[in-house]
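Q: for reference, the sequence and a predicted model appear below.
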Amino acid sequence: MSAKQVLYVMWQWTWGFAQTLAGAVIFLIFWRCPHFRYQGAVVTVWPIKSGSMSVGGFLFLHPGWQPGNQKLLAHEYGHTVQSLILGPLYLFVIGIPSFLWALPPATRWRARHKIPYSALYTERWADRNGARFAKKPKLRRTSDGKIRREPA
Ligand SMILES: [Zn+2]
């Protein structure tokens with residue numbers, strides 16, 4: 001890990017403690033799923049088909065996610081940057097609003113009114129953070145289902 005990544009982990013576990021602890025618990029529940037490290041964050045490809053999310057320094061991607069899908073990885077990483085910035089306010093400013101925004105009633109309402117998912121500030125901001133901070137990793141899925149970084 002680079003010095004920047006060590007700082008990222010320390011910052012998530014102090015200023016972003018509540019959501020990072022929650023993310024660690026979810027990580028342990030999905031312990032057996034494929035994982036990889038990404039710029040200090042811990043990514044899990046979980047079996048929940050309906051979606052992906054980010055909790056503190058932990059990212060959870062839906063099972064259809066492929067190592068080439070940088071857009072989703074960057075978006076979810078963008079939420080972890082929000083955790084770094086907001087710390088204890090993260091749950092109220094990002095966590096609850098974006099959770100409600102992803103629920104079926106909100107999804108139906110967006111479809112009816114042709115409103116994009118990114119219309120909510122939490123999502124637009126995550127996209128912007130992702131574009132700014134998420135580097136494109138060279139990842140591949142190995143034959144045993146694990147995700148690994150390509151050797152440099
Ligand atoms: Zn999002």
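A: Arrived safely.

Q: where exactly do the helices run in this protein?
A: 3-14, 17-29, 70-86, 90, 96-102, 104-113, 121-133 (DSSP state H).

Q: could you say which of the ones you listed is packed most deeply?
A: helix 90 (a mean of 23; mean count of other CB atoms under 10 Å). Yep, even glycine has a C-beta here, placed from its N, CA and C like the rest.

Q: what's the mean pLDDT across that one?
A: Mean pLDDT, computed over helix 90, is 96.

Q: equivalent analysis for stretch 130-150, please.
A: Per-residue scores along stretch 130-150 average to 89.

Q: cool, and stretch 107-124?
A: Per-residue confidence for stretch 107-124 averages out to 96 on the pLDDT scale.

Q: so how far is it off the chain centroid?
A: Average the C-alpha atoms of stretch 107-124, do the same for its chain, and the two points are 19 Å apart (CA atoms, centre = their mean, to the nearest Å).

Q: look up phi and psi at Pro137.
A: Backbone torsions of Pro137, given as degrees, to the nearest 10, read phi -90, psi 150.

Q: what about it, distance to the ion?
A: In this view, Pro137 and the ion are 19 Å apart by CB to the ion, to the nearest Å.

Q: neighbours around that residue, how many?
A: By other CB atoms under 10 Å, the residues close to Pro137 number 16.

Q: not counting residues beside it along the chain, what's closest to Leu139?
A: Excluding the flanking residues, the one nearest Leu139 by CB to CB, 6 or more residues apart in numbering is Pro67, at 3.6 Å.
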